[in-house]
Structure formats: structure tokens, C-alpha cells
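Peer 1: Sequence first, then the predicted structure:
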Amino acid sequence: MNQQLSTDERARMAAHDGPLLSVRDLTKRYGQRIGCDDISFDVWPGEVLAIVGESGSGKTTLLNCISTRLPATSGTVTYQMRDGQPRNLFEMEEAERRHLLRTDWGFVHQNPADGLRMTVSAGANVGERLMAVGNRHYGQIRETATDWLSRVEIMAERIDDQPRAFSGGMRQRLQIARNLVTAPRLVFMDEPTGGLDVSVQARLLDLLRGLVADLGLAVIIVTHDLAVARLLSDRIMVMKDGHVIETGLTDRVLDDPQAPYTQLLVSSILQV
Amino acid sequence: MITIPTEQQPLIVRDLAKSFTMHLQGGRSLPVLANAGFALKAGECAVLAGPSGVGKSSILKMIYGNYAVNSGSIAVWHEGAVIDLATAEPRAVMAVRKRTIGYVSQFLSVVPRVSTRDIVAEPMIARGIDRQEARERAETLLARLNLPSRLFDLPPATFSGGEQQRVNIARGFSTNHPILLLDEPTASLDSANRDVVLEIISEKKAEGVALLGIFHDLDTRERVADHLIDVSAFAPAQAA
């Protein structure tokens, strides 16, 4: 594997500093149609990047390509593994990639049912990822699961209930606990507050904001909601028709948008 | 003569220009500033002066990175090196905000469920101060600004306007950033709290902090300003 590394990548690793994830020239085509076109960016440890745009802008396609849930047409995604080695994700074995997804990464889906097992208990949903990283001690797993349920504000007495019996907000909080229990370094989120009532959204955002700061997580969050991006992200990437229109510090992009399309998006927000 | 920032003169603005292009209004351009230039000295407070709409607030926002810069430079002394904020990458701007430049404003968006104490403590914790100590310092600062201690545990969402302003001011002043931008920190405060803010500014000066502020009240301005920067001198040649 080491032979694949360029000299400057090695030098960067030696300095023990560098992006956690580097996307270069990533393109996804569906036949003639562009999913996303020639996208390049870095995400550093502890940084929250919001990818914003309207439906059909290619933001979810991009997220799915980066997280290797969808094969890209061309381009590379390099991830700095826990041992400090950068690896091209598209050249990894399937098993290795699955392991990464279950341990060092998280993926929070818009619909909790896509990220949870609806017919096993809440505790088992959280415990499953712990077992994937080698935990076998039942008592410890249950204790950690209980702890995580309380961190996402789910009462301990609900640990044996199935998520089917939970409200939408609770399911989403359970999905977050399931993802964070293995202390991932990078979490992908696809419209995590999308299907929720406004008051439930506010609570979830608040919870996410606290967890991201406390755990020092790097997050790539896809959202069409600029208020969510403002509250959670350090940087914003604005997408339209598969292209990046504008990128920058979150409050710069929102307070002084440069591109015509970004100005349109920002001016379309209802002021309350 | 080219001067670069140092610890004693940590921020130098040169030839700064700003205009807004409004694409939704047919690409109309609104020039705001041209050739703005000044420097900040450690231990002094400079005040941006000039009538409303002259671009004082735009200058603060460009320095803090909320507004893009059209041309010119904003050179800042950041942890022993010089960074040009006019062209810096977002990551560099974030690092400068964390370590070097703080922003004091009365108006921050309220986070729904975070306690007042933690809102004020948060920037200190982010800078590596122990959580417990940060909370204690936050309480001291809030008490100084006459916020009743029964409010410390509550999120400020339900507070009066004046109480929220003081929470934001406490948050802004809580850190030991070597440069502080003051966006009308005394506006609409009663005289007792205004005096507390002026006292804090004096202490910051004594600690060697370089301050740049906007103060509309002439009396306050006179009490804090070591020198005035006349922003109307930076007006663009013609308004479109």
C-alpha cells in the first residue's frame, strides 16, 4: 500500500498534520447526466463542512460518493487512517471499507429507519457497533449503551424498546448514538433534521452542536437548510447542478455571498 | 515604507476596498470603501468614526472575516507569524478567531438550550481553559455586568433585551485575545453597565490588548478612544 503514496503525502504525514479527508476531481455521471462534476476539497480533523444546495444540486450524490456508498466515475478520495497512513478509499477492499464505515466513520441518514434496525432494541442498536469493534462483554456493552442513550437524552428505561415505538426525534437521536458510540473521527450526515418538526429540530441541532464540539468530530453535513449550516458548520460549499458555486467560511458565505446563485439562496430565507 | 505587524502593532490595514455587487438587482455595484488604511497598537483603543452608513461596520466585518475583501490587505500578528486576512483560507481565519481576534457584540444569535454561564464560558473552554475555571470566570464577569445569579443556569432566550446584550458582552470580553473588535458594546446600556464596560476596556488596554471599536455615543467615545480613525476619508471616489 505504501508504494501508492506520493512523496508529498508522506511528508505531510511525517509532519503529523494534514487533512483527514481529501477529495480530488470527483465526478459522478449517470450516463450523460451529471451527478457531480470535478469536485475537490479537504476536510481537516474537527472541522464541520456543510454542503448546501437545493434538491437535485448533487449534494447527496457527492456525499454518497465520498462515503463510498456509491461508485464515482472518476477522481480520488484519500482518507487518513487511524495509523496516520493516507489511503485511497476507491482502492480499498470491500471488507476494509465496511470496517471503516462501522468504526471510524458514522453515517446519519435523514430517515432514521435507514440507519437503524427497527426490530431490535435501542440498546442493541447501539451495542451492535461496539461488537463490530470487538467488544464482547455484555455488561460493559449495556453500560456503554445506557450511557450513550442518556447523552442523546433517551431515558434508560427505554433501552429494551424497539425504535419502532419511538417518536421521529427519538429515533434520530438513537441513530446518532449508534453512530457515535465507537468514537468515529468522521461523520457524514444527510439532512439529519429533515423530517422533524421545528421544535424537535432545534433540540436535535443543539444536541449535535454540543456533541460535535465535545468530541472534536469532523462532519460533512448535507442540508438544504441554511440555518442548520449556520448553526453547525465552520465552512460551507454551495452546490448547483452538480457544480460547486461558492465555498468559504460559513458566516462569510451567508453574510456576504458573492455568487449570484448564493445571493439568491440567502435572500430566499424567510426572516423571522 | 512597508511595515509588517508585530506584537506591539498587531494589525495593519492597507488599501482596503469593499463594494457589494448585487446580482439580484441586475449586478448593481455598491462601493463602500476605498483605500482604507490604519494600524492598531497594543494597549490602545482606536475608534472608527464617521456618519452612519460610511462603512465602519464593514471594516470590522472584513477584519473578522464575515465580509469578503475586494482588494488591499489586513495583516495580523498571529502566534508569532503574519497572516493576511484579506486572502487567508477559511482554516486560517478560524485559527485567528480562536487565538488572536475576538469580537464583542451585543447581538449574537441565541442558542436555544445552552445556559448563560456556558455561553460565556464556551470561548474560554475552546481556548483550552479548564471547564470549571471558565465557568467561575464567566460567573464573575456576569455578576460584574449586574446579571442576577439566578439567571446563570438559564438559557438567555427568555431574557429581556438588555440582559441578552450583557450576556453577549460578557462572552466577548471573557477571553484573552490580543486583538478585540468592539461592535457598539455600550449602545443602549444603562449608565451603570456602560461604566462597567468602559472599566473592562481600560483593563484590556492595561493588559496590552489592541482594541478597535465603534461607539456612537460621543461621550463614551471620548472616554475610550486613544485615537480616532475617520472612516469618511475612505469614501470611494463616486457612489454608483
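Peer 2: Looks like it came in fine. Residues are numbered from 1 along each chain as shown, chains lettered A, B, ... in the order given.

Peer 1: burial measure for residue 61, as a count.
Peer 2: As the question left the chain open, I've gone with chain A. As a burial measure, A:Thr61 scores 22 neighbours (other Cβ atoms under 10 Å in any protein chain shown). Every C-beta, even on glycine, is put in place using the N, C-alpha and C of the backbone.

Peer 1: oops, I was thinking of chain B
Peer 2: Counted with other Cβ under 10 Å, the neighbours of B:Lys61 add up to 21.

Peer 1: Which pLDDT value goes with the residue lying farthest from the centre of chain B?
Peer 2: Distance from the C-alpha centroid of chain B, by Cα atoms, centre = their mean, peaks at B:Gly26 (33.0 Å). Per-residue pLDDT puts B:Gly26 at 92.

Peer 1: And it, how close does it get to A:Met239?
Peer 2: According to Cβ to Cβ, to the nearest Å, B:Gly26 and A:Met239 sit 25 Å apart.

Peer 1: give the contact list for A:Trp105.
Peer 2: Residues counted as contacts of A:Trp105 (Cβ atoms under 8 Å, 6 or more residues apart in numbering or on different chains) are A:67, A:184-188.

Peer 1: Pull up the residues of chain B that are close to chain A.
Peer 2: Neighbours of chain A within chain B, by Cβ under 8 Å from any Cβ of the partner chain: B:20-24, B:61, B:65-68, B:90-91, B:93-94, B:109, B:111-114, B:126.

Peer 1: In strands, which of these appear?
Peer 2: Among these, the members found in strands (DSSP state E) are B:20-22.

Peer 1: Can you say which of these are buried?
Peer 2: The neighbour-count test (16 or more other Cβ atoms under 10 Å in any protein chain shown) marks B:Phe20 as buried among these.

Peer 1: can I get the ones in strands among the residues of chain B next to chain A in TSV with distance to A:Leu20?
Peer 2: Below are those laid out as TSV (distance: Cβ to Cβ, whole Å):
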residue	distance to A:Leu20
B:Phe20	35
B:Thr21	35
B:Met22	37
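
Peer 1: Tell me the one among the ones in strands among the residues of chain B next to chain A nearest to B:Ser149.
Peer 2: Nearest to B:Ser149 among those is B:Phe20, at 44.1 Å by Cβ to Cβ.

Peer 1: wait, doesn't that closest one sit right on B:Leu33?
Peer 2: No: using Cβ atoms under 8 Å, B:Phe20 is not in contact with B:Leu33, being 10.7 Å away.

Peer 1: just checking, what's the longest helix in chain B?
Peer 2: The longest helix of chain B (DSSP state H) is helix B:191-206.

Peer 1: Only alpha carbons, please: show the helix or strand where B:Leu212 lies as PDB.
Peer 2: Per DSSP states H and E, B:Leu212 falls inside strand B:210-214. In PDB, the C-alpha atoms belonging to strand B:210-214 read as follows (Å, rounded to 0.1, in the frame of the first residue of the first chain):
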ATOM      1  CA  ALA B 210      -5.300  46.200  20.900                       C
ATOM      2  CA  LEU B 211      -8.900  47.300  20.500                       C
ATOM      3  CA  LEU B 212     -10.800  48.600  17.500                       C
ATOM      4  CA  GLY B 213     -14.300  49.800  18.200                       C
ATOM      5  CA  ILE B 214     -17.500  51.500  17.000                       C
END
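
Peer 1: and that strand, what other elements does it pack with?
Peer 2: In terms of contacts (3 or more Cβ pairs under 8 Å, 6 or more residues apart in numbering or on different chains; DSSP states H and E), strand B:210-214 is packed against strand B:28-40, strand B:45-49, helix B:56-64, strand B:179-183, helix B:191-206.

Peer 1: so A:Trp148 touches A:Leu180, yeah?
Peer 2: Yes: if you go by Cβ under 8 Å, A:Trp148 and A:Leu180 touch, sitting 7.0 Å apart.

Peer 1: Would you report the backbone torsion angles of the nearest residue in space to B:Pro5 that is not next to it in sequence?
Peer 2: Excluding the flanking residues, the one nearest B:Pro5 by Cβ to Cβ, 6 or more residues apart in numbering or on different chains is B:Trp77, at 4.0 Å. Per-residue torsions, B:Trp77: phi -80, psi 110 (degrees, to the nearest 10).

Peer 1: Quick one: residues contacting B:Trp77.
Peer 2: B:5-7, B:9-11, B:100, B:178.

Peer 1: before we move on, what about B:Arg91?
Peer 2: Residues near B:Arg91 by Cβ under 8 Å, 6+ apart: A:44, A:47.

Peer 1: if I look at it, how far off is A:Val238?
Peer 2: Going from B:Arg91 to A:Val238 by Cβ to Cβ gives 18 Å.

Peer 1: Same question for B:Lys56.
Peer 2: 29 Å.

Peer 1: And for the closest residue to chain B within the stretch 51-200 of chain A, the neighbour number?
Peer 2: Nearest to chain B in the stretch 51-200 of chain A, going by Cβ to the nearest Cβ, is A:Ser199, at a distance of 9.4 Å. Residues near A:Ser199, counting by other Cβ under 10 Å, number 10.

Peer 1: Give me the distance between it and A:Asp206.
Peer 2: Using Cβ to Cβ, A:Ser199 is found at 11 Å from A:Asp206.
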